[in-house]
Each structure stands twice: as structure tokens, then as C-alpha cells.
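S.K.: here is the input, now give the coordinates:
(one chain, ligands or ions: 1)
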Amino acid sequence: MGRLFGTDGVRGIVGLDLTPEFALKLGRAIGGFFGRGSRVLVGRDVRAGGDVIAGALIAGLLSEGVKVYYAGLAPTPAIQYVVKTEFYDGGVMITASHNPPEYNGIKVIAGDGIEIPREDEVKIEELYFKGYGSSLEWRSLAEPPEGVSGVIDRYVEAILDQVDVDSIARRGFKVVVDCANSVSALATPLLLRRLNVRVLSINCHLDPLFPGREPEPRPDTLVDAAALVVSSKADLGVGHDGDGDRAIMIDDMGRVQWGDRSGALLAAYASTKWRDLPRRVYTGVSSSVIVEEYLKPHGIEVVWTPVGSVTIARRMKNEGGAIAGFEENGGYMHVPHQYVRDGAMKLALFLDMMASYNAKSSSLFSKLPEYYTVKTKVRASREEALCAIELLKEHFSGYRMITIDGVKVFGEDFWVLVRPSGTEPVVRIMGEATTRERIEEVVGEVKNVILRCIKG
Ligand code: MG
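M.R.: Prediction:
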């Protein structure tokens, strides 16, 4: 049996592996999964091929007797919010999130707004590979797809409900927004205007060629936005990814802050405002140990999970909730709003925190320790990677360790994570320490162990 879904939906290069023929067939399999008469909401980001894929996918859904509602361009979290609150049986988002411009993808959303779990992906793959197709009589194919409007407005209203609009509005913040030339441009500036924020936008015109920057928000892709924060004396900057479910913050000193740092601050703040939530957060093993160091004194437990937002979301929901779930890549799940990553929600919550504490963004981040970070990789086959992880477990025996996804080692003055990549033949190494020399020393030690498993 072949596999279609990766860690976050089906991804491929438009026209090469992600063709209209493929989308049609996958649409039929997804339609077979949701079933005849089910209601499915479809949306897309700005990417090239989005219209073609949407058209073919919708034809596939319709031919299985699904009632299709089409929202057009919208951030992924807007589609997820409307699927959940307006009782759709499911949703499909056409997006490749942060991937390079030539990619597109298809993400399937369950009726609760969260991406479907792996076992449901397997059901769709089975339908796809066995050439599933129901033979409906002509009367069952009489319904056209229905356009749905107002999705973004309803989503923005829902975010405003989560924050103290008056207290944010009184501050008259100035915020730089980098929309990655995609669908965040339709929601974030609108949200900020409602919060009386002066918006300076960069890369906020829609363009499937992504002329401004790569769609992944990182320190090296947010250089222009960070410079604008400093030169315009803005209070905060934010960089979204291609489908608006991530937000990377830039403080007023122009420092780009990874999502584990902003996530830790936001979760501690949210725990003071939503006091009934279970006092724990979920985060991937790729997050810094700073998360634990900062949240433990607040009486908040940190649950480490394998890397991947769907795992975090599903576990939080199945295990009785949490204050939040977040990732170092900028994904933040504000549980009172929805159990999925939401870039605009994260930004609104950050402004709520700044207004509530009457604090500059840079002084909020200064509450966190500064560590030196190293992120690198070594070419290795899957077998070599697994061998290296076993050797590392022996090498660091006696240390506190998490082994749910590769191996994460907690030292006195460092932490390091080694895990096989899900998408390329490499082992990824990331770690932090209080000094640059120390983390370089640890990573050097790790590399030496890995090399013992590399053949040739
Ligand atoms: Mg995304």
C-alpha cells in the first residue's frame, strides 16, 4: 500500500506530482471517506495551481455525493474554525504552508477542526489505491458547489472575542506585519485595525510567486520586517507562513524570536487569564528547555511530544485539554479558541499580554534566559540515523533523556536533540547552551558519535 500523506497533509510540486488528475482521484477518496451527503468546506491559500487543484478536488468530492462549500482564499485556521463552529463534517485546505513556491498540498480537516489523525489518512489512502468510486445515479449529481462568504469576518470576530479589545485599542500600538504574500494578508491587517493598531505591512499583497521572501518565517527570511520594526520604532513585528497558521514575533529591538520563546511567555500569561484550564502545555521535543525552566515556576507542567502539530493538537484534546500547545517554528494553539495553530490568534494574544502588563515586547522576552543555539544536520540514511540514536543513548546514559522522537538529552548547562528527518536523508541536530563554546563542544561530541554509524 502506498503512502500519500506526510507529516502535514499531502504535498507535491504543482504540475509534476500534484496534478489535476491526482487531485480528482484524491478528491474521490476524500469524498468516499466523508461519505455521501456529508458537508465539506474547501479553502485555499494563494499558491500557484490552487484554482486548478480546488476545481479537480471539488469535482472528485461532488462525484461521491458530498455537499461541497467553497470559501476560496482564507488562512488555514479560518477554515478550521468555521468547520468546527458551523458543524461541517469536515474540510479540505489546499496549501503547502511554508514550503517553497513551487509546492502545493492538500490538508484534510476533521469535523472538530483539527487535521484528521493518521488512522483516517490510512482510510483515505486505501480508498485512493483501490480505485474507489461509487456509482451514483444522475439525480445524486445535481448539486453544484456552494460559495461561502464571510469566513474571514467570522474568524476575526472569534479572535477579538478572546482578547481585551479596549485595553489593546487604548495603547495605540504600531505593528509591522509580514504576510508572506499569502492569505494572512486577508485577515491579520483587518484584525489589527479592529484593535486600533497602526499597521505597517510588508509582503502583504497576494502573489503566488512569493516575491518578498520564502513562505517560512525565520530569522533569515524576516530580515526586512525586522529592519522595518527598528526604523519605524514599531512596538512589535510578526511574520506569518504561507497559510497563516504560524506567527514568528519580532520584538521592538528587531530581534526575531523563535516560537518556543513566544509560546512560553504566552502560555504563562494565558494561565493567569483562563484559570480553569489544566495547568500544562504541550510542545514538540524540538522546543528549548527554556520552556520548562520558565513555566515550572508558574506551576505549569510541560508535556514533550514528538515533532508535529497534529500530534500536539490531538493529544491535548484527547488528554483533557491544556493551556496551550506550541512549537518552536511559530505554531501556537490557544485552546479556548481552537485546538489548532493560529497565527493571527497568537498575535492578538501577544498584544493582549503587552497591554495587560504595560510592557514593551523586548522587555517581555528579556524575562527568558538567552541561550546559544546550534541547528545543523549530518547526511545519513534512515538506518544510519537509527544506529546513531542508539549509540547516543548509550553515550549519554545517566543524563535525563526523552526518546519519543530521536533522542533529547538534558545536561547541566546544555540540551541537545538528535532526530532523523521525516523528509530528507539526514539526522538533524539542535541544541542550546549557556555559552557558544559549550554548545559547539557538545554538538562536536554528538557528531563524532553519529559518524561511527556512517558507512564509507
Ligand atoms: Mg502553515
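
S.K.: can you tell me which residues in the chain are near the ion?
M.R.: 97, 241, 243, 245 (Cβ under 5 Å from the ion). Every C-beta, even on glycine, is put in place using the N, C-alpha and C of the backbone.

S.K.: could you pull up the residues touching the second one?
M.R.: This means residue 241. 97-98, 180, 182, 215-217, 330, 343 (Cβ atoms under 8 Å, 6 or more residues apart in numbering).

S.K.: tell me the one among those nearest to residue 250.
M.R.: Of all these, the one with the least separation from residue 250 (Cβ to Cβ) is residue 217, at 9.5 Å.

S.K.: extract the CA atoms of the one helix or strand residue 389 maps to and return them as CSV.
M.R.: Secondary structure from DSSP states H and E places residue 389 in helix 382-395. Presented in CSV, the C-alpha positions along helix 382-395 are these (Å, rounded to 0.1, in the frame of the first residue of the first chain):
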residue,chain,number,x,y,z
ARG,A,382,17.4,6.1,8.0
GLU,A,383,19.3,3.0,9.2
GLU,A,384,22.4,5.1,10.0
ALA,A,385,20.3,7.6,11.8
LEU,A,386,18.7,5.0,13.9
CYS,A,387,22.1,3.4,14.7
ALA,A,388,23.4,6.8,15.8
ILE,A,389,20.4,7.4,18.1
GLU,A,390,21.1,4.1,19.8
LEU,A,391,24.8,4.9,20.3
LEU,A,392,23.9,8.4,21.6
LYS,A,393,21.5,6.9,24.2
GLU,A,394,24.5,4.8,25.5
HIS,A,395,26.9,7.7,25.2
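
S.K.: got the contact list for it?
M.R.: Applying Cβ under 8 Å, 6+ apart, the contact partners of helix 382-395 are 380, 401, 403, 406-407, 409, 418-420, 425-427, 445-446, 449-450, 452-455.

S.K.: return the members of those classed as buried.
M.R.: 380, 406-407, 409, 418-420, 427, 446, 449-450, 453 (16 or more other Cβ atoms under 10 Å).

S.K.: name the pair among those with the greatest separation in space.
M.R.: Maximum pairwise distance among the buried ones among the contacts of helix 382-395 (Cβ to Cβ): 18.2 Å, between 380 and 409.

S.K.: what pairs with the residue most central in space within the chain across the strands?
M.R.: By Cα atoms, centre = their mean, the chain has its centre lying nearest to residue 331, at 4.2 Å. Bridge pairing for residue 331 (DSSP bridges) gives the partners residue 246.

S.K.: so what's it up against?
M.R.: Counting by Cβ under 8 Å, 6+ apart, residue 331 makes contact with 245-246, 259, 309, 325, 341.

S.K.: now, which of those residues sits nearest residue 18?
M.R.: Set against residue 18, the nearest of the contacts of residue 331 by Cβ to Cβ is residue 245 (19.8 Å).

S.K.: what score does the residue lying closest to the closest one once chain neighbours are set aside have for pLDDT?
M.R.: Excluding its sequence neighbours, the residue lying closest to residue 245 (Cβ to Cβ, 6 or more residues apart in numbering) is residue 341, at 4.1 Å. Per-residue confidence (pLDDT) for residue 341: 98.

S.K.: got it, and residue 1?
M.R.: So, for residue 1, pLDDT stands at 63.

S.K.: ok, the one 3 residues further on next?
M.R.: In the predicted model, residue 4 carries a pLDDT score of 93.

S.K.: the helices in the stretch 101-250 of the chain, which residues?
M.R.: For the stretch 101-250 of the chain, applying DSSP state H, counting those that start in this stretch gives helices covering 118-129, 151-160, 165-171, 188-194, 223-231.

S.K.: next one: the last one to chain centre, how far?
M.R.: A distance of 23 Å separates the centroid of the chain from that of helix 223-231, by Cα atoms, centre = their mean, to the nearest Å.

S.K.: now it: average pLDDT?
M.R.: Across helix 223-231, pLDDT averages out at 98.

S.K.: by neighbours, which of the contacts of residue 241 wins?
M.R.: Highest neighbour count within these, by other Cβ atoms under 10 Å: residue 180, with 32 neighbours.

S.K.: dump the residue contacts of that residue.
M.R.: Counting by Cβ under 8 Å, 6+ apart, residue 180 touches 203, 210, 212-213, 215, 217, 239-242.

S.K.: now it. Nearest residue, chain neighbours left out?
M.R.: Per Cβ to Cβ, 6+ apart, closest to residue 180 is residue 215, 4.7 Å.

S.K.: just give me the neighbour total for the closest residue to the ion within the stretch 251-400 of the chain.
M.R.: Going by Cβ to the ion, the ion is nearest to residue 341 of the stretch 251-400 of the chain, at 7.0 Å. By other Cβ under 10 Å, 32 other residues sit near residue 341.

S.K.: secondary structure class of it, three-state.
M.R.: coil (DSSP: H, G, I helix; E, B strand; the rest coil).

S.K.: isn't residue 309 right up against residue 328?
M.R.: No - look at residue 309 against residue 328 with Cβ atoms under 8 Å: they stay out of range, at 11.4 Å.

S.K.: can you get me the start-to-end distance on stretch 273-287?
M.R.: End-to-end span of stretch 273-287 (Cα to Cα, to the nearest Å): 24 Å.

S.K.: I meant to write stretch 210-230 there.
M.R.: End-to-end distance for stretch 210-230, by Cα to Cα: 24 Å.

S.K.: quick one: low-confidence parts of the protein?
M.R.: 1, 132-133, 456 (pLDDT under 70).

S.K.: recalculate using a threshold of 80.
M.R.: Within the chain, the ranges that satisfy pLDDT under 80 run 1-2, 7, 131-135, 422-423, 455-456.

S.K.: what residue in it comes nearest to the ion?
M.R.: Going by Cβ to the ion, the ion is nearest to residue 97 of the chain, at 3.2 Å.

S.K.: wait, that residue sits on residue 215?
M.R.: Yes - applying Cβ under 8 Å, one finds residue 97 in contact with residue 215, separated by 7.3 Å.

S.K.: what do these two both touch?
M.R.: Contact criterion Cβ under 8 Å, 6+ apart; residues shared by residue 97 and residue 215: 241-242.

S.K.: picking that back up, may I see the helices of the stretch 101-250 of the chain arranged in JSON lines, with mean neighbour count as well?
M.R.: Shown next, in JSON lines, are the helices of the stretch 101-250 of the chain (neighbours: other Cβ atoms under 10 Å):
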{"stretch": "helix 118-129", "mean neighbour count": "16"}
{"stretch": "helix 151-160", "mean neighbour count": "20"}
{"stretch": "helix 165-171", "mean neighbour count": "15"}
{"stretch": "helix 188-194", "mean neighbour count": "20"}
{"stretch": "helix 223-231", "mean neighbour count": "18"}
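
S.K.: now those helices as TSV including distance to residue 276?
M.R.: Converted to TSV, the helices of the stretch 101-250 of the chain look like this (distance: least, Cβ to Cβ, whole Å):
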stretch	distance to residue 276
helix 118-129	30
helix 151-160	19
helix 165-171	21
helix 188-194	26
helix 223-231	36
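
S.K.: looking at those helices, which is closest to residue 368?
M.R.: Minimum separation from residue 368 across the helices of the stretch 101-250 of the chain (Cβ to Cβ) falls at helix 223-231, 18.2 Å.

S.K.: done for today, thanks.
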